[in-house]
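1. Give the three-dimensional model of this entry:
(one chain, ligands or ions: 2)
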Amino acid sequence: MKLIGILGSTGSIGNQALDIVRLNKNYQIEYLSCFSQVDEIICQTKEFHPKKICIIDRSKESILVDTFKNENIEILSGFEGLIEISKTNVDFMLNAIVGADGMKPSIIALENNIDLALANKESMVMAGWIIKEIQKKNESKIIPVDSEHSAIFQCLTGESKEDIKRIILTGSGGPFRERQIDTFHDIKLSEALNHPNWDMGSKITIDSATMMNKGLEYIEAYWLFGLPQNKIDIIIHPQSIIHSMVEFIDGSIKAQLSKPDMKGPIQYALSYPERISSEIESFNFIENNVLSFESPDLDKFPCIRLAKDALASGGSHQVVLNVANDLTVAKFLNQEISFNDIPVIIEDCLSCHSFIESPTLDEIDEISDWTKEYLNKKVSNV
Ligand code: NDP
Ligand code: MG
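-> Ligands and ions are numbered 1, 2, ... in the order given. Modelled structure (predicted):
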């Protein structure tokens, strides 16, 4: 029996993880968390009987307290509650929170020697250097949930790091791969939310449309696999069948393939180091006999360039990139800014901030606050 804590259980990844748990008797849910979807976490709690639950939105805590007053469930709230619940001793934490707020729970789990199934890629972008330091000091493991990183992780099983020539992150190219760049100013929210291959939460769906998602994944890969930037490539593969690849020094390339279904990498992270059977349909090579590849278009998708440059510049650039992206995406979802504003505003934040090479956690907080303040002022002056 594996004891699991799930943060962000009410989201796309969280719900799919619970679908897997529902079908497997080997997992027991120790805790769950959400931001504000109180009805959903109540349903999940009634079904999975966690010992602890946390809701960030404190105004809804009393609903949970009332609902579970006759049950032995610890109810926590706010960011402090999230930090507290993250210290719980479990076999692993699945961090499926979206955005920068997922970073601290990842760090707390690893500091407490708890293995981490990591969907929250923003953790690695905001604090990869801190996370690597923690991992040097203890035995905690990170099992990536992001499909590309799960693919690379699977391809690397049984291999030596010295034998890697390069890793190749694949990406679908998103909904605007074929759209003319001179019509980007006209992109509507509904179009950006319409991803061709994946059904995901709204923030990552917009990240996929701007292709910042690939940029964040590039940084995530750098920190997870410890390879220099010149050994990490990005290739567009519109069918999303090859989830990523590793090329070795002898010219051999390993790829991990399946139909695009996040339950694959989520289940792999849950069952690691074993594999368990799943309901995912077998891939039919004959019916899907076209696998195509192209280079990413950095003029159309400047967010990829911003992310690569932020990694090359190091430290605080990655924090500003991530926080500014979280905020601009929220503003685009709120229809306060246009699609084309997203990279422009992020680039402005990056060029105006004061650089710190390897920020500490306190400095990351300060850089985040600066970015929020600067960006909000900028947008209100537009
Ligand atoms: P969703 O928006 O669907 O879900 C996010 C979850 O986090 C919800 O449970 C939400 O609660 C909670 N949450 C939101 N904001 C906060 C906050 N500030 N503090 C604490 N909890 C919060 O996101 P996804 O499941 O799509 O994505 C989760 C992570 O996984 C992201 O980092 C994403 O990049 C990554 N990922 C997702 C993939 C996918 O297919 N969805 C694929 C690969 C990676 P509530 O429901 O109450 O709002
Ligand atoms: Mg991905």
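
2. check contacts around the closest residue in space to Cys352 that isn't next to it in sequence.
-> Leaving out its chain neighbours, the residue that sits closest to Cys352 by Cβ to Cβ, 6 or more residues apart in numbering is Tyr374, at 6.5 Å. All C-beta atoms are positioned from the backbone trio N, CA, C, and that covers glycine. Residues in contact with Tyr374 (Cβ atoms under 8 Å, 6 or more residues apart in numbering) are Cys349, Cys352, His353.

3. Filter those residues down to the buried ones.
-> With neighbours counted by 16 or more other Cβ atoms under 10 Å, the contacts of Tyr374 contain buried members at Cys349, His353.

4. Near ligand 1, which residues of the stretch 251-382 of the chain are found?
-> Residues of the stretch 251-382 of the chain found near ligand 1 (Cβ under 6 Å from any ligand atom) are Met262.

5. redo that, cut-off 8 Å
-> Residues of the stretch 251-382 of the chain found near ligand 1 (Cβ under 8 Å from any ligand atom) are Met262, Pro265.

6. quick one on the thing from earlier: the residue nearest to Cys352 looks like it's in a strand, true?
-> No: assessed with DSSP: H, G, I helix; E, B strand; the rest coil, Tyr374 is helix; it does not lie in a strand.

7. hmm, the helix or strand containing Leu76 touching ligand 1?
-> Following DSSP states H and E, one finds Leu76 within strand 74-77. No: Strand 74-77 is not in contact with ligand 1 by Cβ under 8 Å from any ligand atom; minimum separation 11.2 Å.

8. Send me the host helix or strand of Leu224 as CSV with only the CA atoms.
-> Using DSSP H and E, Leu224 maps to helix 212-225. Output of helix 212-225 as CSV, limited to C-alpha atoms (Å, rounded to 0.1, in the frame of the first residue of the first chain):
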residue,chain,number,x,y,z
MET,A,212,5.6,29.3,-23.1
ASN,A,213,4.8,25.8,-22.0
LYS,A,214,7.7,24.5,-24.1
GLY,A,215,9.9,27.2,-22.7
LEU,A,216,9.0,26.3,-19.1
GLU,A,217,9.5,22.6,-20.0
TYR,A,218,13.0,23.5,-21.4
ILE,A,219,13.9,25.0,-18.1
GLU,A,220,12.3,22.2,-16.2
ALA,A,221,14.4,19.6,-18.2
TYR,A,222,17.6,21.6,-17.5
TRP,A,223,17.1,21.3,-13.8
LEU,A,224,15.6,17.8,-13.7
PHE,A,225,18.2,16.1,-15.9
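
9. For Ile130, give me its contacts.
-> Ile107, Thr360, Leu361, Ile364.

10. Measure how buried the first one is and give me the count.
-> When you say that, I think you mean Ile107. 20 (other Cβ atoms under 10 Å).

11. measure it to Met1 for me?
-> As defined by Cβ to Cβ, to the nearest Å, Ile107 lies at a distance of 27 Å from Met1.

12. ok, back up a step: mind listing which of the contacts of Ile130 are in helices?
-> In helices, defined here by DSSP state H, the members of the contacts of Ile130 are Ile107, Leu361, Ile364.

13. Provide the backbone phi and psi angles at the nearest residue to Val38 once chain neighbours are set aside.
-> Sequence neighbours aside, Lys60 is the residue nearest to Val38 in space, at 4.4 Å (criterion: Cβ to Cβ, 6+ apart). Main-chain torsions, Lys60, degrees, to the nearest 10: phi -110, psi 0.
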